[in-house]
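In: heads up, no residue letters with this:
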């Protein structure tokens, strides 16, 4: 038995409500179960119940055993004095508020059907990463589609909230925020943190002052990343960047904020993902495209965004993955899959955050439409969902399924998921 299950049973009233009484025999009528509280304090607020002859409006607290009230020290916490009903699986102790008044208690154990408990237990005991994997065929498609819509909306909101927090730290500067967000994405999973640290240590405004001089942009990027610390003059390009960075770092007092060279990871990466090449590609984007945010907000389709991010790195990096090591074959520019990844994980959250901050749903709707134009991600999560019978046609689907997996399945939040809830109690559908 879990409190999450009791929350579900209480919220949807999946118990025998005939001749309801409290544990001390007072008649009980439930008018409103209240609203789920996801923050600190009682589990449901603004509930409305009638105990005996008195109607109450207040909070509902839920525990497996009523003694949980004491275990969690609610008896000495004034925040729980407005609880009008204590809902428990088993009543093993009468409990009181801080003023000593007895709290009416409803015991649900004898009122919940064995089949409901059994079906919930089957989900919780399933070792599969998707607890309902064996039962998915019985779930109607409309329920699955509805849950995917909810999962995607939740994922977009979480990502947008992260952008808004970054925007606040940047004093509401959207250009700086977009630059930092996209730079972090250039590092992808392995080097995302040092790329973000670089962006924070090398303000976009400084880069824009030199955006008409590609060598200076590259000097700032590589120097501030810690790649220009050795005094090696056999490579003319390297020597030029080092000279430029020394001058610019002194001008802008950048040395103390420089990223430590050891933070960059090369091990087990394909050369196309080496951070040195990604730095060259991001530098090319800066001096070829200039202002990120204003361009991104103006794009109307995935095709326009792909065109925006399709830039060729400077001549040196067409023959190098790393300093001093020339390649026989040309090094390709940023690939389609990488660009789609940036669109999904950077541009879309920026659009949603911008729309939310301005109260303009047009930007959010455009973000969703663009997701439907972008190819789906291919990873262990999406491949698993395909094996379970889900269609993954575009990035809308893949992002929704990633959120469903990470936000619900792995955390065993089956009762917060429309699919899981319909399996536990099919009568609700």
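Out: In hand now; what should we look at? What you see is a predicted model, and the numbers here were worked out from it, not measured in a lab. Numbers count the residues shown, from 1 in each chain.
In: so what secondary structure elements neighbour the biggest helix by length in the chain?
Out: When the chain is parsed with DSSP state H, its longest helix is helix 141-169. The helices and strands touching helix 141-169, judged by 3 or more Cβ pairs under 8 Å, 6 or more residues apart in numbering; DSSP states H and E, are helix 174-186, helix 348-358, helix 361-371, helix 395-404, helix 418-424. For glycine as for every other residue, the C-beta is placed from the backbone atoms N, C-alpha and C.
In: out of those, nearest to residue 31?
Out: Checking these against residue 31 by Cβ to Cβ gives helix 418-424 as the closest, at 23.0 Å.
In: Now render the helices and strands packed on helix 141-169 as CSV, adding mean neighbour count, distance to residue 227 and mean pLDDT.
Out: As requested, the helices and strands packed on helix 141-169 are exported to CSV (neighbours: other Cβ atoms under 10 Å; distance: least, Cβ to Cβ, whole Å; pLDDT from 0 to 100):
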stretch, mean neighbour count, distance to residue 227, mean pLDDT
helix 174-186, 23, 15, 96
helix 348-358, 22, 28, 96
helix 361-371, 17, 34, 95
helix 395-404, 23, 33, 97
helix 418-424, 23, 48, 90
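In: Same list (the ones you listed) but as a markdown table, adding distance to residue 317.
Out: Output for these, formatted as a markdown table (distance: least, Cβ to Cβ, whole Å):
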| stretch | distance to residue 317 |
| --- | --- |
| helix 174-186 | 14 |
| helix 348-358 | 26 |
| helix 361-371 | 29 |
| helix 395-404 | 28 |
| helix 418-424 | 47 |
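In: Those: which one's closest to residue 277?
Out: Using Cβ to Cβ, the nearest of the helices and strands packed on helix 141-169 to residue 277 is helix 174-186, at 10.1 Å.
In: elements contacting that closest one?
Out: So helix 174-186, by 3+ Cβ pairs under 8 Å, 6+ apart, packs with helix 141-169, helix 188-201, helix 204-209, helix 275-289, helix 292-298, helix 336-342, helix 348-358.
In: pLDDT averaged over the longest helix of the chain - what is it?
Out: Helix 141-169 comes out with an average pLDDT of 96.
In: thinking again about what came up before, can you tell me which of the helices and strands packed on helix 141-169 is nearest to residue 141?
Out: Residue 141 lies closest to helix 418-424 among those, at 10.8 Å (Cβ to Cβ).
In: list the helices and strands the closest one packs on?
Out: helix 3-12, helix 114-125, helix 141-169.
In: Could you list the domains of this structure?
Out: 3-112, 174-344 (automatic domain parsing).
In: before we move on, back to that, reformat the helices and strands packed on helix 174-186 as JSON lines; add distance to residue 310.
Out: Converted to JSON lines, the helices and strands packed on helix 174-186 look like this (distance: least, Cβ to Cβ, whole Å):
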{"stretch": "helix 141-169", "distance to residue 310": "24"}
{"stretch": "helix 188-201", "distance to residue 310": "18"}
{"stretch": "helix 204-209", "distance to residue 310": "20"}
{"stretch": "helix 275-289", "distance to residue 310": "10"}
{"stretch": "helix 292-298", "distance to residue 310": "13"}
{"stretch": "helix 336-342", "distance to residue 310": "7"}
{"stretch": "helix 348-358", "distance to residue 310": "18"}
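In: possible to save the domains of the chain as a markdown table with distance to residue 373?
Out: Putting those into a markdown table (distance: least, Cβ to Cβ, whole Å) gives the following:
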| stretch | distance to residue 373 |
| --- | --- |
| domain 3-112 | 34 |
| domain 174-344 | 4 |
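In: Could you point out which of these sits nearest residue 413?
Out: Comparison of the domains of the chain against residue 413 by Cβ to Cβ identifies domain 3-112 as nearest, at 7.5 Å.
In: Just give me how far that closest one sits from the chain centre.
Out: The chain centre lies 33 Å from the centre of domain 3-112; the measure is Cα atoms, centre = their mean, to the nearest Å.
In: And that domain, end to end?
Out: Terminal residues of domain 3-112 lie 14 Å apart, using Cα to Cα, to the nearest Å.
In: before we move on, what about stretch 63-74?
Out: Stretch 63-74 end-to-end distance (Cα to Cα) = 11 Å.
In: Quick check: residue 211 vs residue 403, distance?
Out: 37 Å (Cβ to Cβ, to the nearest Å).
In: before we move on, back to that, go through the longest helix of the chain and flag the buried ones.
Out: Neighbour-count burial for helix 141-169 flags 143-144, 147-148, 150-152, 155-156, 159-160, 163-164, 166-167 (criterion: 16 or more other Cβ atoms under 10 Å).
In: so, if you compare those, which one comes nearest to residue 301?
Out: For the buried residues of helix 141-169, the nearest to residue 301 is residue 156 (18.2 Å; Cβ to Cβ).
In: For the residue nearest to that closest one when sequence neighbours are not counted, which residues are in contact?
Out: Distances taken as Cβ to Cβ, 6 or more residues apart in numbering place residue 352 nearest to residue 156, at 4.9 Å, with adjacent residues excluded. Taking Cβ atoms under 8 Å, 6 or more residues apart in numbering, we find residue 352 in contact with 156, 157, 159, 160, 163, 363, 364, 367.
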